[in-house]
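Enquirer: Sharing a model prediction with you, sequence too.
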Amino acid sequence: MSFRPTMTQLQGLPYEIAECYGKPHIGCYYASDSVKSHKRKDGVHCLCCGMPATNAHHNPPLSRGHSFSLVTSKEIYVLKPALFALCGSGTTGCHNGFHGGARYKAEWIWLSDEYAEMWWNGELLDTCAPHSKELYCFGYWRITDKLRGTSFEVSV
């Protein structure tokens, strides 16, 4: 991928962090407009190990920002972090593996530069709501396990 948004669009965030806002949730959802209203769907399993999920992880973590304003020529889209169903808490299980970047890393990967550019100029958000599963038509999550040196893709 060669497309990168402008420094102005990134608003001081690294691309890899800013790219995660507004992308599809995995096994979770927001119950209201509040970023603290995160809920797990019933009966979901941990994204990483398959155990019953006990928590919802904000990706990127809330310490990186509760929202990100995607500024386009037409509109400003206020995007929230994606949510992942995980086992454990922020200090145990797979949820702990995401905090501090110790074990797991999640990246949103666009299928083409064209789709990335359509997101950053707001065209995709004109047809797909933030966090919509329809976004999987244009990209996917890559989860990397840094301890094992492996990764897997989530596209549904």
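Expert: Ah, there it is.

Enquirer: helices and strands around the longest helix along the chain, which ones?
Expert: Identified as the longest helix of the chain according to DSSP state H is helix 113-120. Using 3 or more C-beta pairs under 8 Å, 6 or more residues apart in numbering; DSSP states H and E, the elements in contact with helix 113-120 are helix 123-127. The C-beta positions use only the backbone N, C-alpha and C, and glycine is treated the same way.

Enquirer: And the helix it packs on, what's buried?
Expert: 124-125 (16 or more other C-beta atoms under 10 Å).

Enquirer: what lines up beside whichever helix or strand comes after that helix in the sheet?
Expert: Next in sequence after helix 123-127, counting helices and strands by DSSP states H and E, comes strand 139-145. On the basis of DSSP bridges, the sheet neighbours of strand 139-145 come out as strand 104-110 (antiparallel), strand 150-154 (antiparallel).

Enquirer: I'd like these as CSV, with mean pLDDT appended.
Expert: Formatted as CSV, the strands paired with strand 139-145 follow (pLDDT from 0 to 100):
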stretch, mean pLDDT
strand 104-110, 96
strand 150-154, 96
